[in-house]
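1. Could you work out the structure for the sequence below:
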Amino acid sequence: MSTSQQEIDRLIEQFDPESSFRRLAGWSAKVVMVLCAGLSAWHYYTAGFGLENEIAHRAIHLAVVLGLCFLVFPRQKRMPGHWEWTVSVGLAGFYLFMGWSLLGKITEPIPDAMRYTFLAVLVALAGLSLPFKHFDGSHSHIPWRDWVFAALASGFSLYLLVFFQHIYIDRPGQHTPLDLMMGVIAIAMVIEATRRTMGIFLPLLAIAAIFYGLLGPYLPGGLSHRGYSLSRIVAHLYKGTEGIYGIPVGVVATFVFHFVLFGIMAQLTGLGQLFVNLATIAAGRFSGGPAKVSVVSSGLFGMISGSAIANTVTTGVMTIPMMKKVGFSPRFAGAVEASASCGGQITPPIMGAAAFIMAETLGIPYNTLILVAIVPALLHYFAILFMVHLEAKRLKLQGMDPKDIPSLSWVIKSSWHLFIPLVVMVTLLLLQFTPFLAAFWGITLTVACSWIPRLIGPLGKNMTGMAVGPQALVQGFEMGAKAALGIGAACACVGFVLGITTLTGMGFKFSAWVIDVSGLAAQMFMVLDVFNWFELKQVTIFFGLMFTAAACIIMGSGVPTTPTYIILASIVAPALAGLGVPQLATHFFVFYYGVLADVTPPVALAAFAAAGIARSEPMRTGMTAFRLSMGKVLVPFAFVYTPALLFIDFTWFSFLLATVCAVVAVMGLGAAYTGFVARPIRKLSFWLLNAMSISLVFANPVVAAVAIPGVLLILLWHSRPLPNTA
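-> Have a look, this model is predicted:
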């Protein structure tokens, strides 16, 4: 393994808990390889030849995924010792509390053997969840405890599969004591698997949701509800399609897994290097070329990666040293890579896992989502490129040496076969074929086209890319399954929050609170609007969006993008809808701000990973990455106020006005926070640029008539070159 690959693996493991895999050897490695490759092969087959029924498909997927979580991921120590023990003891107590309370609520007679077996399993589960070092094994060895956990994690889904006819057809809506006992084990194992792969924040949120469902009558004010018994909650979360086996797990099992697998297979064939070459051709010759190459290549690579951290590290090991070499500071180089890499999740045609869940939740075709995401994604990358350009001008940097820029003709001749799978897959998506069928043909053609250089003999001797043979195919299928484990466990855990939300109406309660507080804040602001430039409704929506954005960033600091989106879309989206925001715009807003959390301190994991490569101070790198992501901060407000940017209620006037306002606003904020155009920006200009740029998000014709010329005049004034003092 090369040094660069070792660095990639180390940084991904350090900053991305979803990719911190054991490095197994011997027979345990073979078992894991067979299970992972088998899981990928099963998904590949079902994508091309038909899915099982809804519950069975999700149960098969989750049975293997949760079992593998304990075999593939070591127990990670992410907290100081005493906190680790405190949290672990609390979780163990929660499992025992659920089991004991459930037995006390069941009125049907339970055989003593079943009762004592259930209690023994819970006591063992609680004890094994404690952080005793001798339970942990080593990074290359699976301890016996994790084999037990893997069996329990697979068992509750297998129970539904084996007794599917009896549970769902013969006695629908009826819950036997054994059903409920398996449900308690299911909740415990989902929490443990998510804790293993994602950390503790999401499991604690899930437990809080369960207690919210139990304690409804005892809660104050608007938080109260009638309350539900533990047996009702367990049955709802375990056997229904609004809990563990809800839409998030369904989308991962049906769509996301296939595109993760496609991304892994495409990387094996060399598609990532092709993207870097194309980005170098497109942007390398301009001022600060390597930074612009980083922006373009990270956007292209992010379309097939889906992980901001993996994208940051994979492309960053190439682009960050290039940026430092031409004169960018380590902090700025790392920030550029992190900010650009986060854009991959919002960039069509593939985007991130949350986009597929959004399409399923809203009931819209995925190809529609691809089209509406184009303009916001372009605005995000325009903002980064503009600020990179200003920074390069401030530092008086040149472009890349022409000899380091490959020719377009050579890239096309050597790599044309790598385009075929991506083009076919995108075409199928746009023609409204199902996403999993598009992914099936993408994977198939990726493998098939990788052999073109060998099949055409001497004509292919100068072509790039690796042919995917049997060994590479198994390796790709294994890595594809591993890459999907974390998101599978997280989506199962998020099902607890969604299930309790639908059961208690928690989303509507939160919505009412947001609407009330936003309205009060808007009325206070309108007192200051002496010129009557803004409408009360616009300002109310603005404050509602501010509260939502803050919730997204706080939530995203401890939870990956996809669960952040799922939770907030179910709780916050109704609030914005109550303020009159179109549903699609609401979900896109939450999606964008969930992605933004990866570059928002204090927990900016993508920025911290980039700082590790750049050898810069992580927190300062995160602040700079947040500044460079100003487009992602501003653009969601723009498409909420002017849904025409998402092709909702589209008219050419509103679309063009909103686009011009967004572009000028991005330029104004970019210049203000870079502090330079062709000369330094003074304080008065800084505050004027901020005020006018923010006012443009409303796309109000009267405000735009004042703010657009104002921003452009300030930029033109500062575009005058400094006098030559030599």
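2. so what's Pro453 up against?
-> His417, Gly460, Lys461, Met463, Thr464, Gly465, Ala467 (CB atoms under 8 Å, 6 or more residues apart in numbering). For every residue, glycine as well, the C-beta is placed using N, CA and C.
3. Please read the previous query as pertaining to Val424.
-> Trp441, Gly442, Leu445.
4. Can you tell me the element the closest residue to the second one other than its chain neighbours falls in?
-> Which is Gly442. Closest residue in space to Gly442, ignoring its immediate chain neighbours: Met425 at 3.6 Å, by CB to CB, 6 or more residues apart in numbering. According to DSSP states H and E, Met425 maps onto helix 408-430.
5. if you average pLDDT over the first helix or strand past that helix going along the chain, what comes out?
-> Proceeding N to C from helix 408-430, the next assigned helix or strand is helix 435-449, under DSSP H and E. In this model, helix 435-449 has an average pLDDT of 91.
6. Need the contacts of Pro453 in a markdown table (columns: neighbour count).
-> Shown next, in a markdown table, are these (neighbours: other CB atoms under 10 Å):
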| residue | neighbour count |
| --- | --- |
| His417 | 22 |
| Gly460 | 16 |
| Lys461 | 9 |
| Met463 | 17 |
| Thr464 | 18 |
| Gly465 | 21 |
| Ala467 | 15 |
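7. need those in JSON lines with pLDDT, distance to Ser341 and secondary structure, can you?
-> Formatted as JSON lines, the contacts of Pro453 follow (pLDDT from 0 to 100; distance: CB to CB, whole Å; DSSP: H, G, I helix; E, B strand; the rest coil):
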{"residue": "His417", "pLDDT": "88", "distance to Ser341": "26", "secondary structure": "helix"}
{"residue": "Gly460", "pLDDT": "66", "distance to Ser341": "32", "secondary structure": "helix"}
{"residue": "Lys461", "pLDDT": "72", "distance to Ser341": "34", "secondary structure": "coil"}
{"residue": "Met463", "pLDDT": "78", "distance to Ser341": "28", "secondary structure": "coil"}
{"residue": "Thr464", "pLDDT": "77", "distance to Ser341": "23", "secondary structure": "coil"}
{"residue": "Gly465", "pLDDT": "76", "distance to Ser341": "23", "secondary structure": "coil"}
{"residue": "Ala467", "pLDDT": "85", "distance to Ser341": "29", "secondary structure": "coil"}
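8. got JSON lines for these, with distance to Ala186 too?
-> Listed next are those as JSON lines, based on distance: CB to CB, whole Å:
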{"residue": "His417", "distance to Ala186": "46"}
{"residue": "Gly460", "distance to Ala186": "52"}
{"residue": "Lys461", "distance to Ala186": "55"}
{"residue": "Met463", "distance to Ala186": "50"}
{"residue": "Thr464", "distance to Ala186": "47"}
{"residue": "Gly465", "distance to Ala186": "44"}
{"residue": "Ala467", "distance to Ala186": "43"}
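9. Closest one of those residues to Ala678?
-> Nearest to Ala678 out of the contacts of Pro453 is Thr464 (CB to CB; 40.9 Å).
10. quick one: contacts for that closest one?
-> So Thr464 contacts Gly270, Gln273, Leu274, Ser414, Ser415, Leu418, Pro453 (CB under 8 Å, 6+ apart).
11. for Leu369, same thing?
-> Leu369 touches Pro348, Met351, Ala355, Met358, Ala359, counting by CB under 8 Å, 6+ apart.
12. count of residues packed around the closest residue to Phe73 other than its chain neighbours?
-> Nearest in space to Phe73, with sequence neighbours left out and distances taken as CB to CB, 6+ apart, is Arg196 at 4.9 Å. Neighbourhood size, Arg196 [other CB atoms under 10 Å]: 25.
13. And Arg196, its phi and psi?
-> In terms of degrees, to the nearest 10, the main-chain angles of Arg196 are phi -70, psi -40.
14. From Pro582, how far out is it?
-> Noted for Arg196: a distance of 39 Å to Pro582, by CB to CB, to the nearest Å.
15. Am I right that Pro560 is in contact with Phe201?
-> No: with contact defined as CB atoms under 8 Å, Pro560 does not reach Phe201; the gap is 10.1 Å.
16. Pick out whichever of those two has more residues nearby.
-> Pro560 (28 against 17).
17. Pull the contacting residues for that one.
-> Pro560 is in contact with Glu18, Met198, Gly486, Ile487, Ala490, counting by CB under 8 Å, 6+ apart.
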